[in-house]
Each structure stands twice: as structure tokens, then as C-alpha cells.
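*Asks:* Quick one: sequence plus predicted model below, questions after.
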Amino acid sequence: MSCYEDNCPIIVDRAEGVYLIDCDGNKYIDGVSSLWANTLGHNVKELNDSIIKQLNKIAHSTLLGNSNTAVVELASNLSKVVPVVDPHFLFASDGASAVEQALKVAYQYWENTGKSRERFLTLSGAYHGDTIGAMSLGDSNFESAIFDPLKFKTLRSPGYSEPRWAELICKTIDENKDDIIAFVLEPLVQAAGGMYISAPNEVKKAVSYAQEKNIPVIADEIATGFGRIGKLFASEVCGINPDIMCLGKGLSAGYLPISITAVSDRFYTAFLGEDLSDKTFYHGHTFGGNALAAAVSSTHLELLLKSGILKELEKKIVVIKKMCEELREIKGVRDIRNCGFMTGVELMSSNKGPAGRLICRACVKKGVFLRPLGNTVVVMPPLVISEDEIRIIFNRLGDILKENSDLW
Ligand SMILES: *Cc1c(COP(=O)(O)O)cnc(C)c1O
């Protein structure tokens, strides 16, 4: 907090479409979709209305041993589109909680079937959330090394920055296959790790290999899900059917906190047994399956599937890729990594200060809200952004890089 004000925080008061409006009335393009969550813009009438309609019925009732109609409807709609075979859904509120649930389900699955297993298989450069379990799966590249004594150990294999990562993970699987609880990955894009991208067939190769060896695969699509990579899910692009899948962020169009752990029928049935027996999954979050969040998520899914938004993404992605190539030529840019609506502009380091922060701060002052991951500037606008607005974000970032060329 000692430098909070230096970094130009914006205090948002309201929003219209892809524009955030701060308490002084200044407008900013939301270039990071309010942390990778917003899909259809802000203050969308149909989404607002769905919450109000649900609010007039009920805001929240517990899912512990019970349910509500908003959640039943969402689960039923999602079951038609998620790539998990014959899916069952466990609800929570944040992405990290969905990951924790996935870990516990996978671990207890082996206990329930009488074959204990010891370790998760994870990737370098991975990010799965900030709770202790999720941090254990993640790489220590988020200054989380201080918590190392609290984390559990995983088997870690090189991530997407290594082009041969899939081949290497197959080797790790061969050497440890009877010990692996599950293989956890962010299919296609390691997002918070710096926007590292894998070829889809490499993901397919690694996932198929794990599944052939009877190792469950947990796909964390919290960042990639709901259109962000140009299709509804990255698993679709890679042609995989994960055994367990985590959803969050864009699930509710970025409106309300809701997350899901989807598990295939094989995992669900492994927990069936006598009431209160040791097969029971003793886990639940108070606000898991919140009715308002479920209602807006259902409306969001309906809009995404019906409105042609996903189709229109293709043309916009062509514009994004073209803008990336223009940026690549500018001094200070080390690399640009892009997949669909997810772009990381990696800057060279500067001995005059944290380049990522300084560049984003300058962008905010010019009406484009961006936030860096270390030295990588993330550009991840809402899916409904226009082609002109995409050009504005990239051109402004380019201008600011040129104006600050003395950083390098
Ligand atoms: C953001 C993110 C999470 C954590 O979600 P929270 O809602 O912030 O807890 C987990 N996995 C991935 C891939 C993410 O991008």
C-alpha cells in the first residue's frame, strides 16, 4: 500500500458496455475484462434483468444437501456443452475453491476405490489460484515461495514455454504412473504464468497419454472458458474430454462470484455409498450455488450460444493478431503471445523501474485500463468489444511504448 496511489488506481463508479467510468466521470476501456471475467460488457440489460427476476424469487438458499431451481437449470444447460463426459456439478464461489474441490475429489476418488495415490502431476508456469492447495499446484512464480513450507509437493514437468512439454510429461508419467492422483493443466493457455500457449495437438497428446495410463485429468478452464480463446472451451479446441473440469471467471459473464467443479460420472459414482459413510464427500461452501449467480450464468450461456457472439469472434481475432504483429516491431517489446482474446505483451526489463507497471499506468492515464503480470502487459478485452475499440487499445499501448522508449 506504500505505493498504491503512485500506480493510479481507478475507483470505478459505474460502467457502460466495455467502458468503466470512475468516480470523477473519466471513461476507460476495460482492457482486461475486469480481471479476465467480463465477457459481454458491463451493465447488459438481459443480464441485469435475469438477476432482478431471480432476486424477486430468492437470492440464496443452501446447496448443502438441497438445491434451488436456478442452479438446477444452470447445471442442466451446462451439461449439454461442457466437454466432461456425463458431467455432474459441484458449485463454489471462486476459481480457487473450484480447484480445491477438484483436488479433494481426485484424492478421495482413489481412497474410495481402495488404491491410495500420493502426488499430483503439474506443470511449470501453472497458476490455479491463491489458496494453499491451488498454490501447491501452481508454480512459485507468484512470489508464493514464502509459503513453500505450507504447500504439498507435486511432480512438476516443464510447461508451455518448453515446446517439447508434452513429450516430457509422457516420460514423467511413465516413471511415476501408479503414484499420480491426477494431471492438472490449463489447456491451451497458461494464463497468469505469462500467457504461454501450447499447440492444441500437444495438449491432446499429453492428456490422451495420461488417460490411457488411468491418470485422471483435471482441466482448469477458469481463464480459458466461455469464449476467451475463440471457442466456448479450450478443451474443445484441443479435442480432449477432461475427467474433471474447473470453471469460474467468465461463467457468470463476470457479473457475480460463482465457480464449478464438473466431474465425469465415473468420479460421481465412486462417492456413492451408505449415508454418512466414509465414501461421503464432506465438502461445501456456504454460498456455493448462489441463486442470483446461477441465474445470470444461465442467461449468459443462453446469450453466448444464441447470439452469434462466438462466430463474430473470428473476425475480431484476426484484428487482434494483426495488431500484435504491429506491436512486435516496437522497441521494448521482447515477445508477444496470443491465443484468441488472450494476449500477453512481454516487455524487456528496464533498469529504470518495473516496466510492466509503468506502461500500464500510462495506458490508464490515456483511458485504457490494463494490468500487467510482472513484465507482461495483458490485453484481454470483453468479447463484445468492437474492432475499432480493439485497435484503440493496441494503438494506445503502442504509442505509450514509443513515448517511453527511454525505459530501454
Ligand atoms: C484466475 C484463475 C484461478 C483462480 O480463480 P479465482 O476466482 O481468482 O480464485 C484459477 N485458475 C486459473 C487458470 C485462473 O486464471
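*Replies:* Perfect, thanks for sending it.

*Asks:* Helices of this protein, start to end?
*Replies:* With DSSP state H, the ranges of helices along the chain come out as 33-36, 45-55, 69-79, 95-112, 132-137, 165-176, 200-212, 234-238, 265-269, 291-306, 309-328, 355-365, 387-403.

*Asks:* quick one: which of these is nearest the ligand?
*Replies:* Among the helices of the chain, helix 95-112 comes nearest to the ligand, with 2.1 Å by C-beta to the nearest ligand atom. Placement of C-beta: from N, CA and C, glycine included.

*Asks:* for the closest one, packing partners?
*Replies:* With contacts taken as 3 or more C-beta pairs under 8 Å, 6 or more residues apart in numbering; DSSP states H and E, helix 95-112 sits against strand 88-92, helix 132-137, strand 180-185, strand 217-220, strand 244-247, strand 259-263, helix 265-269.

*Asks:* Could you list the residues in contact with it?
*Replies:* Helix 95-112 is contacted from outside by 90, 92, 116-117, 120, 128-131, 133-134, 137, 181-182, 184, 216, 218, 220, 222, 244, 246-249, 259-261, 263, 267, 270-271, 273, 279, 281, 283, 285, 288, using C-beta atoms under 8 Å, 6 or more residues apart in numbering.

*Asks:* Show the backbone phi and psi for the spatially most central residue of the chain.
*Replies:* The centre of the chain sits closest to Ala223, judged by C-alpha atoms, centre = their mean, with a distance of 1.5 Å. Backbone torsions of Ala223, given as degrees, to the nearest 10, read phi -90, psi -40.

*Asks:* Contact partners for it?
*Replies:* Contacts for Ala223 (C-beta under 8 Å, 6+ apart) come out as 36, 186, 189, 191-192, 249, 342.

*Asks:* now the helices and strands packed on helix 95-112 in TSV, with mean neighbour count and distance to the ligand?
*Replies:* Output for those, formatted as TSV (neighbours: other C-beta atoms under 10 Å; distance: least, C-beta to the nearest ligand atom, whole Å):
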stretch	mean neighbour count	distance to the ligand
strand 88-92	23	9
helix 132-137	22	6
strand 180-185	26	10
strand 217-220	28	5
strand 244-247	28	7
strand 259-263	28	6
helix 265-269	16	20
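
*Asks:* returning to what we had before: adding mean pLDDT, write the helices of the chain out as JSON lines.
*Replies:* Output for the helices of the chain, formatted as JSON lines (pLDDT from 0 to 100):
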{"stretch": "helix 33-36", "mean pLDDT": "98"}
{"stretch": "helix 45-55", "mean pLDDT": "98"}
{"stretch": "helix 69-79", "mean pLDDT": "98"}
{"stretch": "helix 95-112", "mean pLDDT": "98"}
{"stretch": "helix 132-137", "mean pLDDT": "96"}
{"stretch": "helix 165-176", "mean pLDDT": "97"}
{"stretch": "helix 200-212", "mean pLDDT": "98"}
{"stretch": "helix 234-238", "mean pLDDT": "98"}
{"stretch": "helix 265-269", "mean pLDDT": "97"}
{"stretch": "helix 291-306", "mean pLDDT": "97"}
{"stretch": "helix 309-328", "mean pLDDT": "97"}
{"stretch": "helix 355-365", "mean pLDDT": "96"}
{"stretch": "helix 387-403", "mean pLDDT": "98"}
